[in-house]
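>>> just to be clear, the model below is a prediction. Sequence and coordinates:
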Amino acid sequence: AQKVTQAQTEISVVEKEDVTLDCVYETRDTTYYLFWYKQPPSGELVFLIRRNSFDEQNEISGRYSWNFQKSTSSFNFTITASQVVDSAVYFCALIATFQGGSEKLVFGKGTKLTVNP
Amino acid sequence: DAGITQSPRHKVTETGTPVTLRCHQTENHRYMYWYRQDPGHGLRLIHYSYGVKDTDKGEVSDGYSVSRSKTEDFLLTLESATSSQTSVYFCAISDSYGSLGAEAFFGQGTRLTVV
């Protein structure tokens, strides 16, 4: 079965601190995709990144970086020099191809990040 | 922004009444999903569709049914609403994940309250 675990329910940091959000996944498929979404207090879900199972290169986008390690089934997200605007709930998600071609997008429970001034 | 619209955005209904939520897309994407979001549970998949008239259950499908008679519309029906179905409902769409790994786009959400 597919499963995404975000063990950190809530994290609170002070502005300019670095923070890492953990994501551990389970799947039997060899082809799969991993995602991170941001949900700010306004409620919409904002796509941040996707990574396929064949690409273990780390990615950096401004203050955001992602570390994908298949050996530990982890896809962690780091925010460098956090800002108050980073306060949100962050979701990790997994999609894999099932027999017959159907695909499901499964989410973790989310990590609520609060960045205090 | 992806063309995905949920309606209604807010609804209050009484226990035992039927409710239908609509998700409409203009992207011609194959996959459509309904999720519910509750505190402490994140987003949980209710039902999803991988084509017209092709649907399957997610992890919390009891009490819900869906229909997809056209590519652009995916309807979620609560046959007899209960207070435990009070939640925020999100629709998502995506193209085939195949080798493209397309992202899923989400609607703005529908806040449903069952009293």
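Good, I have the coordinates. Numbering: from 1, shown residues only, chains lettered A, B, ... in the order given.
>>> from here on, just use CA atoms for contacts and neighbour counts.
OK.
>>> show me what stretch A:58-67 is in contact with.
Here stretch A:58-67 makes contact (CA atoms under 8 Å, 6 or more residues apart in numbering or on different chains) with A:Gln57, A:Phe68, A:Ser74, A:Phe75, A:Asn76, A:Phe77, A:Thr78, A:Ile79, A:Thr80, A:Ala81, A:Ser82.
>>> I'd like to know which of those residues are buried.
The neighbour count (16 or more other CA atoms under 10 Å in any protein chain shown) marks A:Phe68, A:Ser74, A:Phe75, A:Asn76, A:Phe77, A:Thr78, A:Ile79, A:Thr80, A:Ser82 as buried among the contacts of stretch A:58-67.
>>> apart from its neighbours in sequence, what residue is nearest the third one?
It refers to A:Phe75. In this structure, A:Phe75 finds its nearest non-sequential neighbour in A:Phe68, 4.4 Å apart by CA to CA, 6 or more residues apart in numbering or on different chains.
>>> follow-up on the earlier one: closest to A:Arg51 among the contacts of stretch A:58-67?
Using CA to CA, A:Phe68 is the member of the contacts of stretch A:58-67 that sits closest to A:Arg51, with 8.2 Å.
>>> which SS class is that closest one?
strand (DSSP: H, G, I helix; E, B strand; the rest coil).
>>> what's the burial count for B:Arg44?
22 (other CA atoms under 10 Å in any protein chain shown).
>>> adding distance to B:Ser69, write the buried ones among the contacts of stretch A:58-67 out as JSON lines.
Below are those laid out as JSON lines (distance: CA to CA, whole Å):
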{"residue": "A:Phe68", "distance to B:Ser69": "39"}
{"residue": "A:Ser74", "distance to B:Ser69": "38"}
{"residue": "A:Phe75", "distance to B:Ser69": "37"}
{"residue": "A:Asn76", "distance to B:Ser69": "39"}
{"residue": "A:Phe77", "distance to B:Ser69": "39"}
{"residue": "A:Thr78", "distance to B:Ser69": "42"}
{"residue": "A:Ile79", "distance to B:Ser69": "43"}
{"residue": "A:Thr80", "distance to B:Ser69": "46"}
{"residue": "A:Ser82", "distance to B:Ser69": "46"}
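>>> from the residues you listed, which land in strands?
Within the buried ones among the contacts of stretch A:58-67, residues falling in strands by DSSP state E are A:Phe68, A:Ser74, A:Phe75, A:Asn76, A:Phe77, A:Thr78, A:Ile79.
>>> how many other residues sit next to A:Gln2?
A:Gln2 is flanked by 15 other residues according to other CA under 10 Å.
>>> quick one: it and A:Tyr33 touch, right?
No - between A:Gln2 and A:Tyr33 there is no contact under CA atoms under 8 Å: 11.6 Å.
>>> ok so, going back, now tabulate the ones in strands among the buried ones among the contacts of stretch A:58-67 in JSON lines and tack on distance to A:Ile49.
Output for these, formatted as JSON lines (distance: CA to CA, whole Å):
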{"residue": "A:Phe68", "distance to A:Ile49": "12"}
{"residue": "A:Ser74", "distance to A:Ile49": "15"}
{"residue": "A:Phe75", "distance to A:Ile49": "11"}
{"residue": "A:Asn76", "distance to A:Ile49": "12"}
{"residue": "A:Phe77", "distance to A:Ile49": "10"}
{"residue": "A:Thr78", "distance to A:Ile49": "12"}
{"residue": "A:Ile79", "distance to A:Ile49": "13"}
